[in-house]
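Participant: Make a model of this:
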Amino acid sequence: MSYVEVPGAKVPIRMWTDPASVEAGAMQQLHNVATLPWIKGLAVMPDVHYGKGATVGSVIAMKDAVCPAAVGVDIGCGMSAVKTSLTANDLPGDLSALRSKIERAIPVGAGMHRDPVDPDRLYGFPVEGYGGLWERFDYLADEVKFRRERAMRQLGSLGQGNHFWELCIDVSDSVWIMLHSGSRNIGNELAEHHIGIARGLSHNQGLVDRDLAVFLAKTPEMQAYRNDLFWAQEYAKYNRAAMMSLSKEVIRKEFRKAKVSFGEEISCHHNYVAEERYDGMDLLVTRKGAIRAGSGDYGIIPGSMGTGSYIVKGLGNDKSFNSASHGAGRKMSRTAAKKRFSARDLAEQTKGVECRKDTGVVDEIPGAYKSIEQVIDQQTDLVEVVAKLKQVICIKG
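Facilitator: Numbers count the residues shown, from 1 in each chain. All right, here's what the predicted structure looks like:
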């Protein structure tokens with residue numbers, strides 16, 4: 001489908017979904033964003049749903065301003081995937097042992113490594129440039145500097161919530177590794193710190209929603225935020241790279257006789273800010289629950305833990321600010337999902353997937369999410385499908 005345009009106060013709201021299907025709270029958030037004095041465009045993805053300040057599944061383009069709450073508190077959250085030389089026939093019938101080995105290699109939930117990962121010992125890790133990440137740590141906000149050791153030990157760990165690690169099979173029976181994570185606790189703390197600062201700035205008083213407070217260009221507050229923001233985005237990238245390297249090591253050892261090789265990794269943020277140019281203007285484009293889908297850009301759009309995911313290639317649609325959805329998107333809150341579904345429901349909806357099936361992850365049940373097939377169908381002018389994957393292992397914290 002193409003987009004539907006809904007009138008907004010300062011800019012039209014371009015929606016790649018039926019406006020009538022969007023929950024009232026999320027729709028109000030979109031109208032709130034459209035009132036911001038600095039806004040130049042607003043695109044809404046098919047997986048849109050209510051978030052803090054700004055909806056998840058929205059792309060906000062502003063001139064000389066950025067809203068930290070519209071980035072989200074998991075700065076740099078995103079996806080990585082890689083195709084392996086393994087096929088479905090190489091996999092054992094019981095995948096529980098492989099799942100356990102991955103869980104031992106990659107801390108999940110609130111866990112972290114006992115010692116920081118050694119990049120020189122990680123298979124295929126992009127060592128070049130990694131040292132600079134920590135050289136810049138001391139330039140972050142004072143409030144988080146004492147967190148250095150924890151940040152180093154959490155790099156290469158999964159986290160919890162909707163973060164996951166998966167082993168998948170595509171329609172040609174090739175095996176893929178896929179994972180979803182972000183900047184862990186350090187990114188959250190940086191985000192909360194700057195959101196608090198933004199709320200207190202004079203130009204943000206009187207906004208329709210205090211969570212839409214922005215930083216303005218050429219101010220010390222903006223400079224500080226940009227420094228911490230781009231650092232956290234880079235940390236998130238290296239976090240996923242470390243987990244991918246640890247994953248490859250486990251797979252290579254587990255399938256030693258197969259002499260496993262790996263294709264080129266696909267990696268994309270979906271909670272981040274980028275400097276981009278549209279209609280002759282240099283804009284700050286915030287994607288909160290959206291990926292960049294410029295012409296030829298590869299991306300990952302995952303479904304829920306019992307459904308499947310898509311590898312896509314961007315079509316470069318300027319109307320969406322070269323963006324596409326970041327996943328299926330929730331259709332009910334975590335609280336509502338826990339009230340509605342049981343562990344038995346989870347087991348039923350994740351048949352054939354080696355994964356947790358207990359009450360601790362019921363809020364991630366497929367029934368709490370939108371249909372990934374419908375989400376893909378609603379953005380055929382934004383991306384083309386390259387591969388469809390189905391998970392056989394799903395690890396959640």
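Participant: Need the phi and psi values for the residue of the chain positioned farthest from its centre.
Facilitator: Here the centre of the chain is the reference, and by Cα atoms, centre = their mean the most remote residue is residue 257, at 34.3 Å. Taking degrees, to the nearest 10, you get phi -70, psi -30 for the backbone angles of residue 257.
Participant: can you check residue 333 too?
Facilitator: Torsion angles, degrees, to the nearest 10, at residue 333: phi -70, psi 170.
Participant: So it versus residue 134, what's the distance?
Facilitator: Computed as Cβ to Cβ, to the nearest Å, the residue 333 to residue 134 distance reads 37 Å. Placement of C-beta: from N, CA and C, glycine included.
Participant: Repeat that for residue 47.
Facilitator: Residue 47 is 34 Å from residue 134, by Cβ to Cβ.
Participant: next one: residue 265
Facilitator: 22 Å.
Participant: now do residue 369
Facilitator: From residue 369 to residue 134 the distance is 37 Å (Cβ to Cβ).
Participant: more neighbours, those two?
Facilitator: When neighbours are counted by other Cβ atoms under 10 Å, residue 369 comes out ahead of the other of residue 369 and residue 134, with 25 against 15.
Participant: quick one: the helices in the stretch 201-350 of the chain?
Facilitator: Taking DSSP state H, counting those that start in this stretch, the helices of the stretch 201-350 of the chain run over residues 220-254, 334-340, 343-349.
Participant: Dump these into TSV; add distance to residue 22 as well.
Facilitator: As requested, the helices of the stretch 201-350 of the chain are exported to TSV (distance: least, Cβ to Cβ, whole Å):
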stretch	distance to residue 22
helix 220-254	28
helix 334-340	16
helix 343-349	24
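Participant: Quick check: which of these has the most neighbours on average?
Facilitator: Of these, the one with the most neighbours on average (mean count of other Cβ atoms under 10 Å) is helix 220-254, at a mean of 20.
Participant: tell me the mean pLDDT over that one?
Facilitator: Mean pLDDT, helix 220-254: 98.
Participant: now do the same end-to-end measure for stretch 174-193.
Facilitator: When the termini of stretch 174-193 are compared using Cα to Cα, to the nearest Å, they are 43 Å apart.
Participant: That should have said stretch 271-284, apologies.
Facilitator: 13 Å.
Participant: what's the answer for stretch 202-210, then?
Facilitator: Start-to-end, stretch 202-210 (Cα to Cα) is 12 Å.
Participant: Give me the buried stretch members for it, please.
Facilitator: 204, 207, 209 (16 or more other Cβ atoms under 10 Å).
Participant: again, but for stretch 265-282
Facilitator: Neighbour-count burial for stretch 265-282 [16+ other Cβ under 10 Å]: 265, 266, 267, 268, 269, 270, 271, 272, 273.
Participant: Determine how far it lies from the middle of the whole chain.
Facilitator: 14 Å (Cα atoms, centre = their mean, to the nearest Å).
Participant: ok, now stretch 373-388?
Facilitator: Centre to centre, stretch against its chain (Cα atoms, centre = their mean), the figure for stretch 373-388 is 17 Å.
Participant: Check stretch 296-305 too.
Facilitator: The answer for stretch 296-305 is 10 Å, by Cα atoms, centre = their mean.
Participant: Would you mind listing the buried residues in that stretch?
Facilitator: So for stretch 296-305, counting by 16+ other Cβ under 10 Å, buried means 297, 298, 299, 300, 301, 302, 303, 304, 305.
Participant: Any chance of a markdown table for those residues, columns pLDDT?
Facilitator: Below are these laid out as a markdown table (pLDDT from 0 to 100):
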| residue | pLDDT |
| --- | --- |
| 297 | 98 |
| 298 | 98 |
| 299 | 98 |
| 300 | 98 |
| 301 | 98 |
| 302 | 97 |
| 303 | 95 |
| 304 | 94 |
| 305 | 92 |
